[in-house]
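Trainee: my questions concern the predicted model and sequence given below.
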Amino acid sequence: MLGQSRLTAALLFGPKEMQVLCRACGSDKQTEFTAEIALHFPGPGNLDKPHLLVFPRILVCLNCGSAGFTVPESQLHTLADEMMPSRGESKTA
């Protein structure tokens, strides 16, 4: 089910099979939201580097506020290319 939204999975498998409990508190009161998140590259050498905008779906627990998301694959490639160049040296040092 990796890569599918909860809504898509619920339509395919039905709501009972899609019930996901919160990792932090065990609640079943979770809702998926769309989001816009700016990721900043770490380190003082990257202060002038533009941030990377990602647009994940975020699963938020309405009981404890815990949230989680997966970076979309196309944007993950951008992060990986920037953080782990082919020479094995970090560009962010």
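Mentor: Perfect, I can see it now. This one's a predicted model, so the numbers in the text were calculated from it and none came from an experiment.
Trainee: what is the helix ranked longest in the chain packed up against?
Mentor: Assignment by DSSP state H gives helix 73-83 as the longest helix of the chain. The contact analysis (3 or more C-beta pairs under 8 Å, 6 or more residues apart in numbering; DSSP states H and E) places helix 73-83 against strand 52-54. Glycine gets a C-beta too; all of them are placed from N, C-alpha and C.
Trainee: what lies in contact with the strand it packs on?
Mentor: Strand 52-54 has contacts (C-beta atoms under 8 Å, 6 or more residues apart in numbering) with 36-39, 41, 71-72, 75, 78-79, 82.
Trainee: partner strands of that strand, with direction?
Mentor: strand 37-39 (antiparallel) (DSSP bridges).
Trainee: in the strand it pairs with, what's buried?
Mentor: The neighbour-count check on strand 37-39 (16 or more other C-beta atoms under 10 Å) flags nothing as buried.
Trainee: ok, back up a step: can I have the buried ones of the contacts of strand 52-54 as a ChimeraX selection?
Mentor: Buried subset of these, written as a ChimeraX selection, criterion 16+ other C-beta under 10 Å:
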select :41,71,75,82
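Trainee: can you list the contacts of strand 52-54 in TSV and add pLDDT and distance to residue 30?
Mentor: Output for those, formatted as TSV (pLDDT from 0 to 100; distance: C-beta to C-beta, whole Å):
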residue	pLDDT	distance to residue 30
36	95	20
37	94	18
38	94	24
39	92	23
41	88	30
71	90	19
72	89	20
75	90	23
78	89	28
79	89	26
82	85	31
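Trainee: correct me if wrong: residue 57 contacts residue 36.
Mentor: No: between residue 57 and residue 36 there is no contact under C-beta atoms under 8 Å: 11.4 Å.
Trainee: got the contact list for residue 60?
Mentor: Applying C-beta under 8 Å, 6+ apart to residue 60 gives the contacts 30-33, 66-67.
Trainee: one more time with 7 Å
Mentor: Contact partners of residue 60, counting by C-beta atoms under 7 Å, 6 or more residues apart in numbering, are 30-31, 33, 67.
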